[in-house]
Each structure stands twice: as structure tokens, then as C-alpha cells.
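Asker: next comes the sequence, and after it the predicted model I'd like to discuss.
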Amino acid sequence: MLADERLRSSKAAAGRRRWETLAESLIEAAIRFCGVSAILFVFGIFFFVFREGAGILPKLDLVQFLFSPAWYPTSVSNVRYGVLALIIGSLSVTSLAMVIAVPFGLGAAVFVSEFCGQRARETLKVVIELLAAIPSVVWGFIGISVMNPLIQHVFSVPVGLNVLNGALLLALMSVPIIVSIGEDALKAVPDSYREASMALGATRWETVRRVLLPAAKNGLLAAVLLGVGRAIGETMAVLMATGHSINIPKSVFDPVRTLTATIAAELGEASSGSPHYQVLFVIGILLFSITFVVNVTADIVVKGLRK
Amino acid sequence: MALVLVVPLILIVSHLVIEALPLLSWDFLTTNPTAGMRKGGVWSALLGTIWLVGVSLAVAAPIGVLAAVYLNEYARDNWLTRIIHLAVVNLAGVPSIVHALFGLGAFVIFARFGRSILAASLTLAVMTLPVIIASTKEALAAVPRSFREACWNVGATRWQTIRGIVLPNSISGILTGVILQVSRAAGETAPIMFTGAVFFKRIEAGNLFAYGIRDQCMALSMHLYTVTTQVPDVPHALPYAIAVVLLGTTLLVNATSIALRVYLRSRKKW
């Protein structure tokens, strides 16, 4: 009787163990699958965007697409799909944003990492995080409601929705990225570098300029690149603040239209499957490729730093 | 330099709040927009945002956490891990409007979900996945290796170690990342514009389940865009009030995450 019971319980234990082994291998399979899911999603993004846009590719003259400023996607007699003005629109806003954001961003990174005390640093990092958390549509609204009248007033121009407005917003949006990645890069410089420099009699500023900046230059470059990636891909803020006019800007007070804003503004009107709709997906592929290159470059630059 | 960061944040937030003051009230949150979105509150948009964020969280959190477990606990340092890492970095850098195109092509058209909360939430989930993976991975890496070794030494399997030791000891960090995902998903406009969010939809006020998963919905971010750019003759304070509600939601969520992190770091025993 006792032996019988013991047998039964050991059988139950064996069954339970088998079940646990099975459950564990199932869970491990799930974990492995989720592990590679990021790869699947990146390919999925490329595949599905490509799939929707592929129909127009044979008919699209690539040279004209990239180098013609004529974008008349809905014209009845003279349809033109040239994105040069849109590319220059994106580039002008992004580069002006970087001209503003890089000095401030890197300056703030140096300050946070080298010159300020523990308490100030924690506070600043919280502020930076909150700044990064402001949704882009709110930035766009700020562009319309605050920056627009401000630019009109300060520079006495008739319209404040232009390159400058978009660039100011993008600068504010990309500064948090530049600061946090840049600070990481500066923190990665060993303290012995600082000590050696100080021991030679260098001042704090000399140490920053001659020792830390050169030592951290890869990380700082990556920080700037990630800021660029963020700025090029930004949609809502530039859609609302740059003034919706497709032309090659001659000054920072000209309105422009970026690649991202064009998709956002026109996809709703283009009927599904039409050439116009497909061309917007081709612009998506172009954007995806640009940010892909920028991000991979930034990653390689950072890896170079670790070696 | 640092003032350059602090001053705009304070100026912007206070300007928005001051302009919005005449409209801000509890009623503004709980009543529907009326008169062609020129009067009334934001209930239908607020509820839509809650639904979108909730569904996307339910999808992205498990996948993201498990992916991070794989990367931190299972993966060796080889080419596959390197590619996964690159994929995560890229996924984080894909422009939001490209996510919108992907969601439209994959979920709305290919999977035949139509323009719906489901399709929009899945798009948001893919978009926020890298945030969850990165922060969870950091949280897992912060658990000392000796904890795991002790557990293996008493005969626990890999998964038992993860479930019994690694996850309980890093749950706070994981939560922080998940909360950050919530704030990011709540603020996004572009990815939901063409996958499920609409300018206007009439729903019953006060009913939390007024939307179904296959319905289209309104969203706070989209509502702010619409009211600012598409609706003429809007009362001055209305877009400010919508912006404050949206900003309040995301900043509140973020502040919670930051506070949680600070509190848990102070309590950490190792």
C-alpha cells in the first residue's frame, strides 16, 4: 500500500517534471522568437512600404524623381514627381536646426558631465527627459501659436511659418538626444585622463578642450548624428510650422515642405493604389534609407569609441 | 548653457497653461466635443488615446521584455546578436511617418484590420518596441551576475533563474521603461493618422467601453492637430486646453516614471 502510494507520487512528480521541461522549452522558444522580432520588424517595415510603392517604380524616372524640383502629383495634364524641393526642404530645416542645436547640446553635455554638482546634474537630467517627452504635435502647436508671432515680430516678416520656425522647433526637440548621448560619451572618458591633464597644470577648460573633447569625439559625433536622424524624421512639428509651400528656399524666412510633411499632408487625399499614393510610399522608402544610413553610421562610430 | 534647456521648458509650459486656463475644468475632460469641435470637451479623444495606448502596451510590453531577456540572458556575443542590436537601433530611428506607412501597408491593408484601433495600436506597438527593449535590457543588466550564479548553483534552470531571481530584481527598471513607452505612444500623431485615428467620431460620454477594437477612434494628439490646422473659427483657448491635456498626460506619465526610478534606486540593496 505504502509502496503503491510512493510509486504513484513519484510518477506524478515525473509527470510534473516532464511538463515543466516542456513549458520551459516553450518559454525559451518564445523568448528566442521575441529576441529576433526586432529584425523581423525592420525587414517588415521595408517590405510592406516597398510593397505598397513598388507599382510605380518601373514607371518612375529615378533621375527626374531625385533631381527635379517639380512636384505636381495631382495635376491632370502634367503630372510631375520630383522631390528635389522636398529633399532640400528637409535638408535646410535639419541643417539650420543642427547649427542651433549642436553648440547648445554639446555645451550642455559638457556642463552636465564636467562642471556641475550632483544635485544640479540630476535636476538637469530630469528637465532634459521632460523636454524630450513633449509630443511633436505639441511642438507644432507651439510653432504656430508662439514662434509664428514671435518671428513675425522680431524679424518683421509677413509670415512666421518658415524654415527658421521649423528649425527652432527641431533644435529644441533634438537637443535632449544630443545632451544625453553626448554626456554618456564624456562620462566614458576615464578619470585618469582628467587627472593627468590637471596634474600638468591645465585648467578645467583646457582639459575639456584639449583632452576630453578629442577623447570623446566619436561619441559626440554619434550624438550629433542621432540628433540629425531625429530631425530628418520628424513629421508633425515641421508639417505644422514650416508653412506648406513646395519651393527651394532662398532664405530662412521662406516657407518649405519637407519629405515627411509631404507624406503626412497628402496621403489622406491620395486614393489607395493610385500613382500619387505609390509615390508617397517611394518617398517613405527614401526616408527609411536615409535614416538607416544615419543610424548605422552613428552605431559604427559609437562602436569605434568602445574599441 | 543649461539655462537654455530649463528656460524654454518653463516658458512653454507656463504659456500654454495660462492661455488654456479659461477652459480647463473637470467637465472639459468628461464631455464630448460639440459644435464642429469648437465647443465642449475632449472626452472622445481622451478615451481614444487611452484605448490606443492600452492595446499597444498589451502587445509591445511582453514582446519587448522577452526580447530584452533574450538579449541579456541568452544571446552570446555573435553575429546574430550584433544584427539584433543594429535592428533595435534602426527601429528606434525609423521616422514616425514611415511607421505610419508600414502600419497602413501591413495592418490596415495586408492583414485586413481596416482603419481601426487594432491597426493603429499595432503600429504604435512596433514603434515603441525599441524603447522597451533598451530600457528592459538595462534593467536586467543591472542585476549582479552573482545573483544568477548562486541560483544556478542550487540547481535552478535558466528560466527558473530568470523568473525567480532576475525578473523580480529588475521589475522596477522594467516598469520605468514600460511607462516611458506609454508616454511616447500617447503623444504620437503621425503613426495613427492613417491607421485608425479620425478627425471626429461621436461616442457616448462617460462610457469607458464606447470604442470597440475594430472601431476608428479619435485621439488627443490628432485632435490637437485637427483643431489647430483644419477647423476655422476655433475659440482661442481651445487648442491651448487640448495641448495642456495632452502635455499633462505625457509629462505626468513621465514624471511618474522618473519618480519611480529615483525611489527604487534609493532603495536598492546592492
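Answerer: Cool, got the structure. Predicted model, so just to flag it, every value in this text is computed and none were measured. Residues are numbered from 1 along each chain as shown, chains lettered A, B, ... in the order given.

Asker: longest helix in chain A, please.
Answerer: In chain A, assigned by DSSP state H, the helix with the most residues is helix A:2-53.

Asker: so how far is that one from its chain's centroid?
Answerer: Helix A:2-53 has its average C-alpha position 34 Å from the chain's average C-alpha position, going by C-alpha atoms, centre = their mean, to the nearest Å.

Asker: contacts for stretch B:28-37, please.
Answerer: By C-beta atoms under 8 Å, 6 or more residues apart in numbering or on different chains, the surrounding residues in contact with stretch B:28-37 are B:39-46, B:199-200, B:202-203, B:205-206, B:223, B:226-227, B:231, B:234, B:241, B:245. Just so you know, the C-beta spots here come from the backbone N, C-alpha and C atoms, and that holds for glycine as well.

Asker: ok, 10 Å please
Answerer: Outside stretch B:28-37, the residues that touch it by C-beta atoms under 10 Å, 6 or more residues apart in numbering or on different chains are B:20, B:25, B:39-47, B:199-206, B:210, B:218, B:223, B:226-227, B:230-235, B:238, B:241-242, B:244-245.

Asker: which of the residues in that stretch are buried?
Answerer: Within stretch B:28-37, the residues that count as buried by 16 or more other C-beta atoms under 10 Å in any protein chain shown are B:28, B:31-33, B:37.

Asker: looking at those, which are in helices?
Answerer: Reading helices off the buried residues of stretch B:28-37 with DSSP H, I get B:F28.

Asker: which among the buried residues of stretch B:28-37 gets closest to A:R17?
Answerer: Proximity of the buried residues of stretch B:28-37 to A:R17 (C-beta to C-beta) peaks at B:N32, which lies at 57.4 Å.

Asker: what distance do you get for B:T128 to B:L122?
Answerer: B:T128 is 11 Å from B:L122, where distance means C-beta to C-beta, to the nearest Å.

Asker: can you list residues touching both of those two?
Answerer: Counting by C-beta under 10 Å, 6+ apart, the shared contacts of B:T128 and B:L122 are B:56, B:59-60, B:191.

Asker: and chain A, which of these reach it?
Answerer: Contacts with chain A within the shared contacts of B:T128 and B:L122, as defined by C-beta under 10 Å from any C-beta of the partner chain: B:P191.

Asker: quick one, which of the contacts of stretch B:28-37 are buried?
Answerer: By 16+ other C-beta under 10 Å, those give B:20, B:40-47, B:199, B:201, B:203, B:210, B:218, B:223, B:226-227, B:231, B:234, B:238, B:241-242, B:244-245 as buried.

Asker: which ones are touching residue 40?
Answerer: With no chain named, the answer covers chain A. A:L40 makes contacts with A:33-34, A:47, B:87, as judged by C-beta under 10 Å, 6+ apart.

Asker: was after chain B, sorry
Answerer: Residues counted as contacts of B:G40 (C-beta under 10 Å, 6+ apart) are B:27-28, B:31-34, B:205, B:238.

Asker: could you rerun that using 7 Å?
Answerer: B:G40 makes contact with B:31-34 under the criterion C-beta atoms under 7 Å, 6 or more residues apart in numbering or on different chains.

Asker: grab the nearest non-local neighbour of it.
Answerer: Once flanking residues are discounted, B:G40 sits nearest to B:T34: 3.8 Å by C-beta to C-beta, 6 or more residues apart in numbering or on different chains.

Asker: check B:L140 too.
Answerer: Nearest non-adjacent residue to B:L140, counting by C-beta to C-beta, 6+ apart: B:N72, 4.1 Å away.

Asker: how many residues are close by the one you found?
Answerer: Number of residues near B:N72 (other C-beta atoms under 10 Å in any protein chain shown) recorded here: 21.

Asker: that one and B:A139 touch, don't they?
Answerer: No: if you go by C-beta atoms under 7 Å, B:N72 and B:A139 don't touch, sitting 9.0 Å apart.

Asker: sorry, back to before: closest one of the buried residues of stretch B:28-37 to A:D184?
Answerer: Proximity of these to A:D184 (C-beta to C-beta) peaks at B:F28, which lies at 40.8 Å.

Asker: could you check how many residues crowd around A:V36?
Answerer: A:V36 is flanked by 16 other residues according to other C-beta under 10 Å.

Asker: correct me, but it touches B:H85?
Answerer: No: counting by C-beta under 7 Å, A:V36 does not reach B:H85; the two are 11.7 Å apart.

Asker: which bits of the stretch 151-300 of chain A sit near chain B?
Answerer: Counting by C-beta under 7 Å from any C-beta of the partner chain, the residues of the stretch 151-300 of chain A close to chain B are A:172, A:175, A:229, A:233, A:235-236, A:240, A:260, A:263-264, A:267-268, A:281, A:284, A:287-288, A:291-292, A:295-296, A:299.

Asker: bridged to the residue nearest to B:G40, which residues?
Answerer: B:K39 (DSSP bridges).

Asker: mind pulling up the pLDDT for it?
Answerer: Here, the pLDDT recorded for B:T34 equals 79.

Asker: also the one 10 residues further on?
Answerer: At B:S44, the pLDDT value in this model is 89.

Asker: quick check, it in a strand?
Answerer: No: assessed with DSSP: H, G, I helix; E, B strand; the rest coil, B:S44 is helix; it does not lie in a strand.

Asker: return the residues in contact with it.
Answerer: Residues in contact with B:S44 (C-beta under 7 Å, 6+ apart) are B:32-33, B:201, B:203, B:218.
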